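Visitor: what shape does this take:
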Amino acid sequence: MSDEEPEAACGDADGPLERTCDTFLGGLVELFQPKARHHRSGLDAVLLAASLASDTTGRVVDLGAGAGAAGLCAAARLQEAEVTLVEREDALIALARESLTLPANAAFSKRVQILAADITAKGRARKAQGLVPGMADHVIMNPPFYDTRHRPSPHAGKAGAHVLAADGIDPWLRTASDLLVSGGSMTLIFRADGLDDVLAATAGRFGQITVFPVFPRAGDDATRILVRGIRGSRAPMRLRPGLVLHGDGSGFAPQVEAILREGTALTL
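Guide: Prediction:
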């Protein structure tokens, strides 16, 4: 399974960083993102945003937001939610800020904030950047998929987005737990063979874990997982049937088309 590239169809895409302007959710969201040498968002970001129920309220914090695809899709879908994009790379922050000025995003742009911060920072250093305990009702994240055994891209922007630091995914879950109110939800998308690492990082932080696999086709092994945890819960884990992306042909299954084009919810 590979992320589907959205069509470039919006606005003026000139700027200091070579970029495209892409549409998501059937045009509900327009997004500037790097054309090359950085991660480009697609299917995974939309599935992550869709994992939040349509009646979600409160503050949603998108950790490691990049150019903002998941967070902006969440803001477009969730009429009563505030969204904070957290990103450390200046070039991506600049793109996210520009995206908020696009006319297509006017319906939700005032409900979106951008915070420049390193989510792997600890304690006082993290708080000094504006990442404070209890600031989030929901956290979403699409962390780098690979560990240090993976050969990184020669381009620093893409390498940072695709390869975790030596301490793996644990700092992401640590920060998510610290930011969430008691009973708040954390949802991430990750490669399926990294489930052990995700579950280890949730231990002592999250309960009521839901594991939702994503399959390219019926009968295939899962290639992605969506994992949700509730801060402070002691409820048992659930393994859900998951989502099949494609039917017999090359196109997406009807449920997936509705998620991608209409912004419908994905119930975990």
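Visitor: show me where the stretch 1-150 of the chain has strands.
Guide: Assigned strands in the stretch 1-150 of the chain, in chain order: 19-24, 29-34, 58-63, 81-87, 112-116, 136-141 (criterion: DSSP state E, counting those that start in this stretch).
Visitor: which stretch among those comes nearest Phe252?
Guide: strand 19-24 (14.3 Å; C-beta to C-beta). C-betas here are computed from N, CA, C, even on glycine.
Visitor: and the angle from the closest one to strand 29-34?
Guide: 150 degrees (axes from the mean of the first three to the mean of the last three C-alpha atoms, to 10 degrees).
Visitor: just to revisit the earlier point, can I get the strands of the stretch 1-150 of the chain in TSV including mean neighbour count, distance to Thr210 and mean pLDDT?
Guide: Shown next, in TSV, are these (neighbours: other C-beta atoms under 10 Å; distance: least, C-beta to C-beta, whole Å; pLDDT from 0 to 100):
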stretch	mean neighbour count	distance to Thr210	mean pLDDT
strand 19-24	21	24	94
strand 29-34	26	26	96
strand 58-63	25	17	99
strand 81-87	24	20	99
strand 112-116	19	26	99
strand 136-141	26	14	99
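Visitor: let me have those in a markdown table, extended by distance to Phe206.
Guide: What follows is the strands of the stretch 1-150 of the chain, written out as a markdown table (distance: least, C-beta to C-beta, whole Å):
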| stretch | distance to Phe206 |
| --- | --- |
| strand 19-24 | 28 |
| strand 29-34 | 28 |
| strand 58-63 | 14 |
| strand 81-87 | 19 |
| strand 112-116 | 22 |
| strand 136-141 | 10 |
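Visitor: where are the low-confidence patches of this protein?
Guide: 1-17, 37-39, 146-163, 165 (pLDDT under 70).
Visitor: quick one: the helices in it?
Guide: Secondary structure of the chain by DSSP state H: the helices cover 43-50, 69-77, 90-99, 123-128, 156-162, 170-179, 195-202, 254-262.
Visitor: which residues touch the nearest residue to Arg205 once chain neighbours are set aside?
Guide: Distance criterion C-beta to C-beta, 6 or more residues apart in numbering; nearest residue to Arg205, sequence neighbours excluded, is Ser177 at 4.1 Å. By C-beta atoms under 8 Å, 6 or more residues apart in numbering, the contact set of Ser177 is 186, 205-206, 231.
Visitor: from those, which land in strands?
Guide: 186, 206, 231 (DSSP state E).
Visitor: how close does the residue nearest to Gly58 when sequence neighbours are not counted get to Val112?
Guide: Spatial nearest neighbour of Gly58, chain neighbours left out: Asp137 (3.1 Å); criterion: C-beta to C-beta, 6+ apart. From Asp137 across to Val112, the span is 15 Å (C-beta to C-beta, to the nearest Å).
Visitor: ok, back up a step: with the ones in strands among the contacts of Ser177 in mind, which one is nearest to Leu195?
Guide: Nearest to Leu195 among these, with distances taken as C-beta to C-beta, is Phe206, at 14.1 Å.
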